[in-house]
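> Return atomic coordinates for the entry below.
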Amino acid sequence: MLRRTKIVATLGPATNDKQSLEAIIRAGVDVVRMNFSHGTAQDHMKRAEIVRAAAAAAGRTVGILADLQGPKIRVRKFQNDKIMLEPGDSFILDAAWTDLGNQERVGLDYKELPNDVVAGDILLLNDGMLEFTVIQVKGSEVHCKVVRGGILSNNKGINRKGGGLTAPALTDKDKEDIKTAAMIGADYLAVSFPRSADDMKLARELMHAAGGKSLLMAKIERAEAIPVLASIIEASDAIMVARGDLAVEVGDAAVPGLQKKMIKLARAHNKLVVTATQMMESMITNPIPTRAEVSDVANAVLDGTDAVMLSAETAVGDYPVETVESMARICKKAESELESSAAEHRLEQNKFTRIDQSIAMSALFAASHFKVKAIVALTQSGSTALWMSRVNAGAPIFALTPVKETLSKVTLFSGVHPLSFLPTSGDPSATLIEAENALLAQGMVNEGDLIVMTIGESVGKSGHTNTMKIVRVGDHRKH
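Next up, the predicted model:
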C-alpha cells in the first residue's frame, strides 16, 4: 500500500551529509525543510545540491521547502548565557540596552516592543515557559513582574498573549532569503508569522521578481491570523499549522480545534496543509514514540492533513531514520481506517470554473465507484493532480509529467506520486498507451487492473486536460 500522507523532515546537523539524507529519504521523507534561521546563502545552495544527489541515489523525487525566519521577537544575550528568574521577581526588557543582559534587564532584538505593549499585558517567553506581567512602560524599558519563573537564556522568543506585536512578517533578511530560495529552485517557500493576505501577496511578488517559481506556504502562528484565515489561505498555495507559537498566543487548549478547522478550510479551498511542531518530540532522544505522539500523528492524518512535519527530530535528533520510519508506519495504519470519500463528495460544493477541474472530479467519481487500482493524471502544471488529491478516492494518484518542477511540487500533495514521463507522440491515444506501459514497467500496475486516466487533447500544454478514460491495463494489446 502506497502512503497517502507526506512526510516533511527538517535538515540540520543530524542530516546534513549525503549518507544521512539518503537514509531518511529511503525511510520515507517526501519533502525536506531548510530552516533559513540558520546558515548562509552558500550553505543553503550546497545543501540543496546534496538533497538532490541523495534523492537521485535513493531513486526518489524529493521536494524542497525553504522556511523563512520571519521577525526575531527575542531577547538578546546574557553575561553568563542565562539567568534564573523566580515568581515575584522584577525584570526589565530594554530596547535600548546594548550590553549583555544581567539579573535585572536584557536587551531586545525587537525594538518596537515598548510601543506594542501596555501595563497589564502578559508576555510569554521561551515558548510560554516563562510568564511576565507588564507593570509599566518607561521610554525604551518594559518593566515586568515574573508570574511563572524559570531559566531565561540567550535569544529566547517573546510572544504577547492574544497576539498584537506589530513586527512585519517579512524582514530585510527574509527578502534576501527569498532570492536565495529562488536561486536554489525551492519548490515551496514558507512565510513565518503572516498577519494578513497582503503579507503573502508581497512574498509572492518578491519570489516572482527573483525569478523563482516556489509555491507559497503561510505558517499560521499568530493570533491575528485566525480571524482572517480564509483570506490568508486564498492568497497562499499551502498553509502550515505551526502549533508552537500559535499555542503560546492563543493558549494550548485552543490549538487542536483550530488544527481541525484549518485542515478542513485549506482542503475546501483546494490548498495544501502541513501539520507541524512536536509531532514526535520524544524521539529526539528515544528510539520509539510515546503513545500520545502516535495518536497525534494519526489524528492529523484522519483530519485530512496533506503532510506531517518533523523539526528537531530529524535536524538534531539521535534517531532520525527511526523517527521517519515510525511516522510512515503510523500514517499508513491511520490511512487504512480512512473511508474513501469521493463517492459522497457532493458536486454542489464544487462550482467548476474550468474544464480540467471537472475532468479531475469526474475521474475521482469513476475511480470511487469502479474501485480502480490507480488514477493516472498526465499533467504539465500539476493542477489536475492537486484537485484529485483534495478528496480520498481510495486509490493512488500517479502524476506523470515531463516537467521537473511539477515532479517535485507534487511531492507534498496527499495521495499523489510523481513519475517522470516524456511522451514521444502528440496523439493522446498513443500517449495514454505509452503511459500505461510506463506504469507497468515500474510495477505500479499489473495486467488486467482497471485504471482511470486523464489527459488533454493538446498533449504537453498546461491547463488543457479535457479527457477521461477508464482503461483495463493490457487491453490495447488484445485489439
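> Next up, the contacts around residue 218.
Going by C-beta atoms under 8 Å, 6 or more residues apart in numbering, residue 218 touches 190-191, 194, 199-200, 225, 232-233, 235-236, 238-240. Every residue, glycine included, has its C-beta placed from N, CA and C.
> quick check: mean pLDDT across stretch 85-93?
Mean per-residue pLDDT for stretch 85-93: 98.
> All further residue positions should be reported with the first residue as 7.
Sounds good: first residue 7 from here, last item stretch 91-99.
> Run through who's touching that stretch.
Stretch 91-99 has contacts (C-beta under 8 Å, 6+ apart) with 81, 110-112, 114, 119, 129, 136, 138, 141, 147-158, 164.
> Kindly report the same for stretch 456-463.
Contacts of stretch 456-463 (C-beta under 8 Å, 6+ apart): 362, 365-366, 369, 372-373, 376-385, 390, 401, 434, 437-438, 441-442, 445, 451, 469-479.
> Name only those of these that count as buried.
362, 365-366, 369, 372-373, 378-385, 390, 401, 434, 437-438, 441-442, 445, 451, 471, 473-474, 477, 479 (16 or more other C-beta atoms under 10 Å).
> Can you give me the buried ones in stretch 145-154?
Buried residues in stretch 145-154, counted by 16+ other C-beta under 10 Å: 146, 147, 148, 149, 150, 152.
> and residue 346, what pLDDT?
Residue 346 is assigned a pLDDT of 63 by the prediction.
> Quick check: residue 35 vs residue 67, distance?
For residue 35, the distance to residue 67 equals 11 Å [C-beta to C-beta, to the nearest Å].
> Tell me which of these two has more neighbours.
Neighbours were tallied for residue 35 and for residue 67 using other C-beta atoms under 10 Å; the higher tally belongs to residue 35 (32 against 22).
> Apart from its chain neighbours, what residue comes closest to residue 420?
Leaving aside its sequence neighbours, residue 420 sits nearest to residue 312 (C-beta to C-beta, 6 or more residues apart in numbering; 4.2 Å).
> Now, the buried residues of stretch 145-154 that are in helices?
Judged by DSSP state H, helices contain none of those.
> ok, those residues vs residue 307, which is closest?
Distance to residue 307, by C-beta to C-beta, is smallest for residue 152 among the buried residues of stretch 145-154, at 40.3 Å.
> and that closest one, what are its bridge partners?
Applying DSSP bridges to residue 152 gives these bridge partners: residue 138.
> Would you enumerate the residues in contact with it?
Contacts of residue 152 (C-beta under 8 Å, 6+ apart): 91, 92, 93, 94, 95, 96, 97, 136, 137, 138.
> The same query, at a cut-off of 6 Å, please.
By C-beta atoms under 6 Å, 6 or more residues apart in numbering, the contact set of residue 152 is 91, 93, 95, 97, 138.
> Let's see which of these end up in strands.
Among the contacts of residue 152, the ones falling in strands (DSSP state E) are 91, 97, 138.
> From the residues you listed, keep the buried residues only.
91, 97, 138.
> what would the residues you listed look like in TSV with distance to residue 302?
Shown next, in TSV, are those (distance: C-beta to C-beta, whole Å):
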residue	distance to residue 302
91	31
97	34
138	30
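> Give me the contacts around stretch 416-428.
Outside stretch 416-428, the residues that touch it by C-beta under 6 Å, 6+ apart are 10-12, 36-37, 67, 69, 278, 312-313, 388, 391-392, 395, 402-406, 408, 413, 444.
> if you look at the residues you listed, which of them are in strands?
Counting by DSSP E, the contacts of stretch 416-428 place 12, 37, 69, 278, 313, 403, 404, 405, 406 in strands.
> Please identify which of these is nearest to residue 221.
residue 278 (7.8 Å).
> Could I get the full set of strands for the stretch 7-156 of the chain?
For the stretch 7-156 of the chain, the strands defined by DSSP state E, counting those that start in this stretch cover 12-16, 37-41, 69-73, 88-91, 96-100, 111-113, 128-131, 136-144, 147-154, 156-159.
> Over to the stretch 157-306 of the chain?
164-166, 194-197, 221-226, 244-248, 278-282.
> The longest one versus strand 278-282: what angle between them?
For strand 221-226 and strand 278-282, the angle between their directions (axes from the mean of the first three to the mean of the last three C-alpha atoms, to 10 degrees) works out to 50 degrees.
> Show me how far strand 221-226 is from its chain's centre.
How far strand 221-226 lies from its chain's middle: 7 Å, per C-alpha atoms, centre = their mean, to the nearest Å.
> what does the shortest one give?
Here strand 164-166 is found 23 Å from its chain centre; the criterion is C-alpha atoms, centre = their mean.
> Which secondary structure elements does that strand sit against?
Contact partners of strand 164-166 among helices and strands, from 3 or more C-beta pairs under 6 Å, 6 or more residues apart in numbering; DSSP states H and E: strand 128-131.
> For the strand it packs on, which strands pair with it and how are they oriented?
Strand 128-131 is paired, per DSSP bridges, with strand 136-144 (antiparallel), strand 164-166 (antiparallel).
> and residue 381, that one's in a strand?
Yes - Residue 381 sits within a strand when classified using DSSP: H, G, I helix; E, B strand; the rest coil.
> just checking, it touches residue 402?
No - look at residue 381 against residue 402 with C-beta atoms under 6 Å: they stay out of range, at 7.3 Å.
> so where's the stretch 157-306 of the chain uncertain?
Along the stretch 157-306 of the chain, no part satisfies pLDDT under 70.
> Neighbours of the closest residue to residue 84 other than its chain neighbours, how many?
Nearest non-adjacent residue to residue 84, counting by C-beta to C-beta, 6+ apart: residue 107, 4.1 Å away. Residue 107 sits with 26 neighbouring residues when counted by other C-beta under 10 Å.
> same question, residue 168
Residue 168 is flanked by 12 other residues according to other C-beta under 10 Å.
> Now it: closest residue in space, sequence neighbours ignored.
Nearest non-adjacent residue to residue 168, counting by C-beta to C-beta, 6+ apart: residue 229, 5.6 Å away.
> got a list of what the one you found touches?
Residue 229 makes contacts with 168, 169, 255, 256, as judged by C-beta under 6 Å, 6+ apart.
> Next up, phi/psi of the residue nearest to residue 420, please.
Dihedral pair for residue 312: phi -70, psi -40, per degrees, to the nearest 10.
> Could you report the distance from it to residue 104?
Residue 312 sits at a distance of 45 Å from residue 104 (criterion: C-beta to C-beta).
> any idea what sits nearest residue 134, other than its immediate chain neighbours?
In this structure, residue 134 finds its nearest non-sequential neighbour in residue 254, 4.3 Å apart by C-beta to C-beta, 6+ apart.
> Repeat that for residue 111.
Once flanking residues are discounted, residue 111 sits nearest to residue 98: 3.8 Å by C-beta to C-beta, 6+ apart.
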